[in-house]
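1. Structure of the sequence below:
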Amino acid sequence: MSDPIEDYALIGDGETAALVSRRGSIDWLCLPRFDSPACFAALLGGPEHGRFSLAPRDGARSVRRQYRDGTLVLETEFETDGGAVTVVDCMPQREGPPVLIRQVVGTRGTVAMRMELVMRMDYGSVVPWVRRTADGIHAVAGPEGLALVTDLPLRGEGLTTVADFEVAAGQRRSMTLAWHPSHLPAPPPLDPEEAVRETEGWWRRWVDACRFQGPDRDAVIRSLVTIKALIYEPTGGIVAAPTTSLPEKLGGVRNWDYRICWVRDATFALYALVLGGYLDEARAWRQWLLRALAGTPEQVQVMYGLQGERRLTELELPWLPGYAGSAPVRIGNAAHSQFQLDVWGEMLDAAHAAHRQGLEQDPEGSRVATKLMEHLESVWTEPDEGIWEVRGPRRHFTHSKVMAWVAADRMAKLSAGTDGGEPDRWRALGAAIHADVCRRGFDQSRNTFVQAYAGRELDASLLMIPLVGFLPPEDPRVRGTVAAIERELMVEGLVQRYTTESGVDGLPPGEGVFLACSFWLVDNLVLQGRRDEARRLFDRLLGLRNDVGLLAEQYDPRGRRQLGNFPQALSHIALINSASNLSGGLRPAEHRAGR
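-> Down below sits the predicted model:
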């Protein structure tokens with residue numbers, strides 16, 4: 001049985017990522033980039049598909065772990081009958097090839113330890129050639145090379161590198177694993193002690209710049225650190241999650257690759273970064289977006305690769321059984337070619353939010369926006385696949401039309417007072433879309449907006465209606481919609497995206513509650529003046545984080561476990577925005593809507 005998703009912690013260096021389990025095993029490691037096939041893939045298969053385990057040989061009596069305050073340096077404390085050790089894991093900020101550092105520090109008595117390294121490339125399918133070196137081992141598989149440097153007594157056992165050793169109080173044993181292109185020499189060894197210190201210092205300096213103040217500052221900082229780790233530093237793109245195919249239902253087929261940048265996250269992410277005071281990261285994200293959009297308006301995609309790649313062909317990996325038997329395992333994402341109308345609103349909303357927050361305008365920005373809006377004029381009446389990227393037929397999704405209105409509204413505001421801006425043109429477009437949504441997307445008999453025109457299903461994306469300013473929170477139609485969602489889409493106090501049993505998404509039914517949607521409900525409750533209820537729901541959501549403060553995409557309230565790719569950027573972005581809505585200062589739920 002696979003370890004629960006919440007049993008993992010994240011380490012990374014801004015270009016790579018690894019997940020470390022409570023057992024001391026690194027079961028997911030992508031090198032040199034999030035979307036590189038040079039990776040261990042034990043999460044998606046089993047130990048034979050790769051892992052790097054470091055734990056007491058005879059098991060531990062108790063395990064505690066934490067990040068060093070304000071950092072991505074992980075400490076896992078193992079208590080055994082004979083003593084105690086702390087395993088320190090981190091990835092230094094990049095100045096060359098990626099490096100993973102693992103240290104064992106003896107804190108009490110003597111502990112017998114065991115290291116096991118199973119190196120597999122190309123998603124667990126390739127066993128590399130391994131040879132000994134003067135200071136460890138070196139592995140090669142096609143274009144990929146790995147160098148393990150350590151003074152541990154290494155030996156081979158059935159395509160696995162192992163070491164048995166003891167650590168007494170006050171002793172330290174270190175291992176560094178570095179990737180490099182196989183046609184180049186392995187990088188020179190680094191000093192692990194110095195590298196850990198420098199990594200800790202780098203993160204603390206970054207966190208010291210955080211300007212968020214409020215009762216939830218610790219949770220916000222941990223979420224900001226997580227988002228920072230999910231930013232691909234060379235380009236500024238924010239990956240949705242560092243994993244692929246962690247299931248939305250155990251044993252099911254809702255398994256997607258999230259090592260991709262979604263345009264939809266643009267405005268949410270921008271607000272979260274600005275709230276933290278990280279304008280450089282916000283600026284880099286906006287510039288990534290502008291570069292990715294290059295091309296004709298018809299070619300706009302809902303997602304791109306970390307460097308703006310467009311071809312994200314979806315493939316299935318049949319040699320991997322999947323996490324907890326959840327197959328297929330997928331790489332790439334076929335939704336990149338879908339038509340999703342809401343992304344126009346996200347792009348224009350992000351541009352407007354950046355302008356309001358004082359980020360300097362890009363000279364190409366207004367030209368790009370005009371071209372996008374000219375295309376929107378001709379396509380907003382068409383059905384689409386919607387925010388949830390359904391694999392069923394296209395429909396007139398209400399949320400998609402609302403976000404088309406957002407695009408027109410923000411364009412009118414951006415172009416007001418500029419030469420040739422035509423704000424009246426965009427206000428007229430917005431008025432037409434608004435009237436269409438209120439006429440065709442609202443069920444008067446039930447006093448609620450619905451998921452799609454001519455339908456009866458509800459959808460949690462309708463919670464965005466007051467958050468983007470489409471209607472004020474006190475509007476009876478908004479209150480009716482929120483009440484309907486609370487009545488029909490809540491599972492043990494948390495929010496489902498929609499009812500999967502309806503078959504609207506073309507997939508078998510069943511998934512967890514969607515954590516970002518639950519945070520959106522928090523924001524709506526704040527806007528309605530129901531602050532005590534908002535606070536209780538927010539605290540409930542904070543309680544769903546794992547022991548090191550991380551959230552996946554979804555949660556199973558009955559099984560009491562996290563689901564979906566992990567950690568999920570949108571969940572942490574939504575946490576930051578809700579924390580701000582509950583505190584003083586900039587409140588995205590009001591600011592984004594223009595209130």
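
2. check contacts around V162.
-> R114, M115, E116, L117, L154, R155, G156 (CB atoms under 8 Å, 6 or more residues apart in numbering). The way it works is simple: take the backbone N, C-alpha and C, and place the C-beta from them, glycine included.

3. continuing past the strand or helix carrying the first one, what's the next helix or strand?
-> Taking DSSP states H and E as the criterion, R114 maps to strand 99-118. Once strand 99-118 ends, the next helix or strand along the chain (criterion: DSSP H and E) is strand 129-133.

4. Strand partners (parallel or antiparallel) of that next one?
-> strand 136-141 (antiparallel) (DSSP bridges).

5. Quick check: buried residues in the strand holding R114?
-> Of the residues in strand 99-118, 99-107, 111, 113, 115-118 count as buried by neighbour count, 16 or more other CB atoms under 10 Å.

6. what's the closest of those to E233?
-> Closest approach to E233 among these (CB to CB): V99, at 15.1 Å.

7. For that closest one, give its distance to F40.
-> 15 Å (CB to CB, to the nearest Å).

8. Show me which pair in the buried residues of strand 99-118 is furthest apart.
-> Longest span within the buried residues of strand 99-118, CB to CB: T107 and V118, 27.8 Å.

9. burial of R155, as a residue count?
-> R155 has 11 neighbouring residues, counting by other CB atoms under 10 Å.

10. Could you pull up the residues touching it?
-> Counted by CB under 8 Å, 6+ apart, R155 has contacts T161, V162, A163.

11. Would you format those residues as TSV with pLDDT, secondary structure and distance to T243 included?
-> Listed next are the contacts of R155 as TSV, based on pLDDT from 0 to 100; DSSP: H, G, I helix; E, B strand; the rest coil; distance: CB to CB, whole Å:
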residue	pLDDT	secondary structure	distance to T243
T161	97	strand	25
V162	98	strand	26
A163	98	strand	28
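
12. wait, what's in contact with the closest residue to Q528 other than its chain neighbours?
-> Excluding its sequence neighbours, the residue lying closest to Q528 (CB to CB, 6 or more residues apart in numbering) is P473, at 5.4 Å. With contact set as CB under 8 Å, 6+ apart, P473 has these partners: P466, R479, N524, L527, Q528.

13. The second one sits in which helix or strand?
-> Remark: R479 resides in helix 476-488, with elements defined by DSSP H and E.

14. Need the mean per-residue confidence for that helix.
-> Confidence for helix 476-488, expressed as mean pLDDT, is 98.

15. go on, stretch 260-267?
-> 90.

16. cool, stretch 449-461 as well?
-> Stretch 449-461 comes out at a mean pLDDT of 97.

17. Kindly report the same for stretch 231-239.
-> In the prediction, stretch 231-239 has an average pLDDT of 94.

18. likewise stretch 191-205?
-> Averaging pLDDT along stretch 191-205 gives 97.

19. can you check stretch 326-346 too?
-> So the average pLDDT for stretch 326-346 ends up being 94.

20. got the CA positions of that stretch in PDB?
-> The C-alpha trace of stretch 326-346 is given here as PDB (Å, rounded to 0.1, in the frame of the first residue of the first chain):
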ATOM      1  CA  SER A 326      -4.600   4.400  -9.700                       C
ATOM      2  CA  ALA A 327      -4.000   4.000 -13.400                       C
ATOM      3  CA  PRO A 328      -3.200   5.100 -16.000                       C
ATOM      4  CA  VAL A 329      -0.100   7.100 -15.100                       C
ATOM      5  CA  ARG A 330       0.000  10.100 -17.500                       C
ATOM      6  CA  ILE A 331       2.700  12.600 -18.600                       C
ATOM      7  CA  GLY A 332       1.600  15.600 -20.600                       C
ATOM      8  CA  ASN A 333      -1.900  16.900 -20.500                       C
ATOM      9  CA  ALA A 334      -4.400  16.800 -23.400                       C
ATOM     10  CA  ALA A 335      -6.300  19.700 -21.900                       C
ATOM     11  CA  HIS A 336      -3.700  22.000 -23.400                       C
ATOM     12  CA  SER A 337      -5.600  21.900 -26.700                       C
ATOM     13  CA  GLN A 338      -9.000  22.600 -25.200                       C
ATOM     14  CA  PHE A 339     -11.000  25.800 -25.700                       C
ATOM     15  CA  GLN A 340     -11.600  27.300 -22.300                       C
ATOM     16  CA  LEU A 341     -13.200  30.700 -22.500                       C
ATOM     17  CA  ASP A 342     -12.400  31.800 -18.900                       C
ATOM     18  CA  VAL A 343      -8.700  32.200 -19.600                       C
ATOM     19  CA  TRP A 344      -9.300  35.500 -21.400                       C
ATOM     20  CA  GLY A 345     -10.800  36.800 -18.100                       C
ATOM     21  CA  GLU A 346      -7.800  35.500 -16.100                       C
END
